[in-house]
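Asks: When you get a sec, could you give me coordinates for this:
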Amino acid sequence: MNLLHNINQTMTTLIQTVQQSVVQIGNGRSGFGAGTIWHSDGLILTNAHVVQRRTPEVILADGRSFPSQLLAYDESLDLAALYIAAYQLPTIELGHSSQLRTGDWVVAVGHPWGVIGAASAGMVIAVGQPLEQNGYRGELVQLGIQLRPGHSGGPLVDGNGRLVGINTMISGPKVGLAVPVDIAKQFLQEKMGSAASAA
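Replies: Residues are numbered from 1 along each chain as shown. Here you go, the predicted model:
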């Protein structure tokens with residue numbers, strides 16, 4: 001019982017910490033997409049399909065709301081970077097998706113069906129190009145997690161609470177896909193320079 005209690009306490013603390021770095025992004029329809037605070041000085045990473053080249057409203061976990069500026073956008077990677085005029089924001093330690101292995105436990109956080117800051121846990125199925133890519137070209141983290149509308153743009157973290165991916169799409173029953181954090185780093189470096197990618 002003590003072991004289960006300790007595991008529960010550790011996971012609860014991890015998720016509560018991650019939730020502080022997850023934002024709501026107004027997507028122009030009913031409900032919200034998610035975004036992940038990448039840099040404490042207002043840099044937000046999300047999916048391109050959440051933003052759709054707009055400059056949406058961003059709502060922080062503490063309830064504050066900010067207009068955004070679209071800094072970078074890549075539909076082929078399904079990534080977008082936003083800026084809000086907010087500072088000293090909570091961030092998630094960056095991990096390395098290249099170190100993920102089949103069977104690793106991961107947690108996806110977002111706003112599925114409008115449930116704010118919801119967390120879903122599961123295992124990594126594989127990292128690479130999935131057989132069914134839904135038009136996406138490149139590597140994806142394939143998850144034994146049923147992602148739902150509202151998860152998109154939210155963080156995927158490993159068992160140590162490190163950011164290893166950006167939740168992006170569903171691929172069949174109970175299978176989710178996330179953009180690897182290593183690809184997100186490359187996206188930001190190419191679009192905005194090395195300082196942003198290493199934030």
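Asks: Return the distance of the closest residue in space to residue 146 that isn't next to it in sequence relative to residue 110.
Replies: Taking C-beta to C-beta, 6 or more residues apart in numbering, and ignoring the residues beside it in sequence, residue 146 has residue 174 as its nearest neighbour in space, at 4.6 Å. All C-beta atoms are positioned from the backbone trio N, CA, C, and that covers glycine. Per C-beta to C-beta, to the nearest Å, residue 174 is found 16 Å from residue 110.
Asks: what sits against the closest residue to residue 129 other than its chain neighbours?
Replies: Nearest non-adjacent residue to residue 129, counting by C-beta to C-beta, 6+ apart: residue 139, 6.0 Å away. With contact set as C-beta atoms under 8 Å, 6 or more residues apart in numbering, residue 139 has these partners: 127-129, 180, 183.
Asks: With distance to residue 70 added, can I get these in a markdown table?
Replies: Converted to a markdown table, those look like this (distance: C-beta to C-beta, whole Å):
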| residue | distance to residue 70 |
| --- | --- |
| 127 | 29 |
| 128 | 30 |
| 129 | 28 |
| 180 | 22 |
| 183 | 19 |
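Asks: are any of the residues you listed buried, and which?
Replies: 127, 180, 183 (16 or more other C-beta atoms under 10 Å).
Asks: Residue 25: which of those is nearest?
Replies: Nearest to residue 25 out of these is residue 183 (C-beta to C-beta; 19.9 Å).
Asks: and the closest one, helix, strand or coil?
Replies: helix (DSSP: H, G, I helix; E, B strand; the rest coil).
Asks: Quickly note the distance from it to residue 77.
Replies: On the measure of C-beta to C-beta, residue 183 and residue 77 end up 6 Å apart.
Asks: C-terminal to the strand ranked longest in the chain, what's the next element?
Replies: In the chain, assigned by DSSP state E, the strand with the most residues is strand 118-128. Remark: after strand 118-128, the chain's next helix or strand is strand 140-143, criterion DSSP states H and E.
Asks: Which neighbours in the sheet does that following strand have, and how are they oriented?
Replies: strand 118-128 (antiparallel), strand 176-180 (antiparallel) (DSSP bridges).
Asks: Need those in a markdown table (columns: mean pLDDT).
Replies: Listed next are those as a markdown table, based on pLDDT from 0 to 100:
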| stretch | mean pLDDT |
| --- | --- |
| strand 118-128 | 93 |
| strand 176-180 | 95 |
